[in-house]
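1. sequence first, then the predicted structure, then my questions.
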Amino acid sequence: MNTRDLVLAALFAAIIVALGLLPPITLGFIPVPITAQSLGVMLAGVVLGSRRGVTAVLLVLLLAAIGLPVLSGGRGGLAVFAAPTTGFLIGWVFAVLATGLLAERLVKPSQNATIQTLGFFGAAVAGGVLVLYAFGITYLAFITGIGMSKAFLGSMAFIPGDLLKAAIAALAGRAVMAGYPLLPART
Amino acid sequence: MNSLYVAGSSFLHRLPPRPKLILLVLVSLSIFLTRSLPVLGCAAAAAVLLYATLGIGWRHSWVRLRPILLTIAIVAFATLLLNSATDGAIVLLRLATLMLVAAAVTATTPIGAFIDEVTLAARPLERIGLVKAADIGLAVGLVIRFVPEVISRYQALRQAHQARGLKPRPATIVVPLIIQTLKSADEIAAAIDARGIRGQTGLRNPQEARS
């Protein structure tokens, strides 16, 4: 990893932290308040790709682990890794990996804007929803012993918000690609 | 950004970070080996006592622990409704114990000691060529330095929206925020290489630093 990639990952980690400091917003049609921090995880995948994206997310988790209040709501410290929702934090790493790998393969500079946006949306949903919830729900089911199906039902309320975030990440990812392309092209 | 470290001179404060982290790992493994309520109750009481020795004070402790305690309480209550009261109590005691011990380690270990420990732990990874251990401290410093920068950029963008009578929307704020922030990467990388902070990379391989 050269110095520029390291700096890009660190700057994106700062963006993810800053997104967590914004107040959570409640949308009219979803009862649960959503925070912008998991949007940052999807954005890291679509903007930076897999390698730098994973580095950025690992940096955020490292900062949280060493006791900085970098997670949404000012949470931090080793205690956040002892919560029932820890699976979603661990899942971030694999979510950004999946989103990044897919974004690198699905989106090419030669495609038109609609196809690029759809490619980014697919990558963000696959990583930021499917992979993330696979980790989050499995951990929740394991730690509480309530079983996978009940854990799944309990997490359902957050899925509409996350689909909306995937759409925002896709639009923003496409706009950043047009303005300041960073995604490594795959052949 | 303020760290969650609290200055003090308790037994845990004086202990080096490694035994504390080993203790945390042992606690996290052992509380999942038993389902006995008395044993878990004793563990939780011991964790409360451990946290009380830090001298943080009840009010301040409550403010620090509240968000995670709330999640634990909600999940324990849901388990009680879905399964049984015993299962709910087990979840509550296990997670509360683990959370208190973890919070005690965080409150008694300064950031610098943690970074030293992480750098040391990364040495084996460095040998197989996965990371450069010294980069970890550098990257952590960069993130801490740039969080306030990103926040002031966000506020400037929001004011720009308001000045033009536009409603701030995620998409119209996030895109300029990302582009503005990442555009400074080239200058920062050049500054790091010019000072030789990452060892020999900048000198030995100047084209790699630019690419």
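-> Received, thanks.
2. distance of residue A:6 relative to residue B:147?
-> 17 Å (Cβ to Cβ, to the nearest Å). For every residue, glycine as well, the C-beta is placed using N, CA and C.
3. same check, this time on residue B:56
-> Using Cβ to Cβ, we find residue B:56 at a distance of 25 Å from residue B:147.
4. for residue B:127, same thing?
-> Residue B:127 is 32 Å from residue B:147, by Cβ to Cβ.
5. compare these two (neighbour count), which wins?
-> Under the criterion of other Cβ atoms under 10 Å in any protein chain shown, the comparison of residue B:127 against residue B:147 puts residue B:147 first, with 22 against 9.
6. show the contacting residues for that one.
-> Counting by Cβ atoms under 8 Å, 6 or more residues apart in numbering or on different chains, residue B:147 touches A:14, A:17, A:18, A:70, B:1.
7. so how far is the helix or strand harbouring residue A:177 off the chain centroid?
-> Assigned by DSSP states H and E, residue A:177 belongs to helix A:159-179. Distance of helix A:159-179 from the chain centroid (Cα atoms, centre = their mean, to the nearest Å) equals 11 Å.
8. give me the contact list for it.
-> The contact list for helix A:159-179 (Cβ under 8 Å, 6+ apart) reads A:27, A:29-30, A:32, A:34, A:36, A:38-39, A:42-43, A:45-47, A:103, A:107, A:109, A:113, A:116-118, A:120-121, A:124-125, A:128-129, A:132-133, A:182-183, B:170-171, B:174-175, B:178-179, B:182.
9. repeat that for 7 Å
-> A:27, A:30, A:32, A:34, A:38-39, A:42-43, A:46-47, A:113, A:116-117, A:120-121, A:124-125, A:128-129, A:183, B:170-171, B:174-175, B:178-179 (Cβ atoms under 7 Å, 6 or more residues apart in numbering or on different chains).
10. tell me the buried residues in that helix?
-> A:161-162, A:164-177 (16 or more other Cβ atoms under 10 Å in any protein chain shown).
11. gap between residue B:190 and residue B:197?
-> Computed with Cβ to Cβ, the distance linking residue B:190 and residue B:197 is 12 Å.
12. filter the contacts of helix A:159-179 down to the buried ones.
-> Counted by 16+ other Cβ under 10 Å, the contacts of helix A:159-179 give A:30, A:34, A:38-39, A:42-43, A:46-47, A:116-117, A:120-121, A:124-125, A:128-129, A:183, B:170, B:174-175, B:178-179 as buried.
13. out of those, which sit inside strands?
-> Among these, no residue falls in strands (DSSP state E).
14. cross the residues you listed against helices and list the overlap.
-> Mapping the buried ones among the contacts of helix A:159-179 onto helices (DSSP state H) picks out A:38-39, A:42-43, A:46-47, A:116-117, A:120-121, A:124-125, B:170, B:174-175, B:178-179.
15. I'd say residue A:135 and residue A:93 touch.
-> No. Taking contacts as Cβ atoms under 7 Å, residue A:135 lies outside contact range of residue A:93: 8.8 Å.
16. do the worst-scoring helix or strand of chain A on mean pLDDT and chain B meet?
-> Sorting the helices and strands of chain A by mean pLDDT, DSSP states H and E puts helix A:148-155 at the bottom, at a mean of 84. Yes. Using Cβ under 7 Å from any Cβ of the partner chain, helix A:148-155 comes into contact with chain B via A:150, A:154.
17. and the angle for that helix with helix A:159-179?
-> Helix A:148-155 runs at 70 degrees relative to helix A:159-179, counting by axes from the mean of the first three to the mean of the last three Cα atoms, to 10 degrees.
18. list of residues touching helix A:148-155?
-> The contact list for helix A:148-155, computed with Cβ under 7 Å, 6+ apart, reads A:133, A:136, A:137, A:140, A:141, B:78, B:82.
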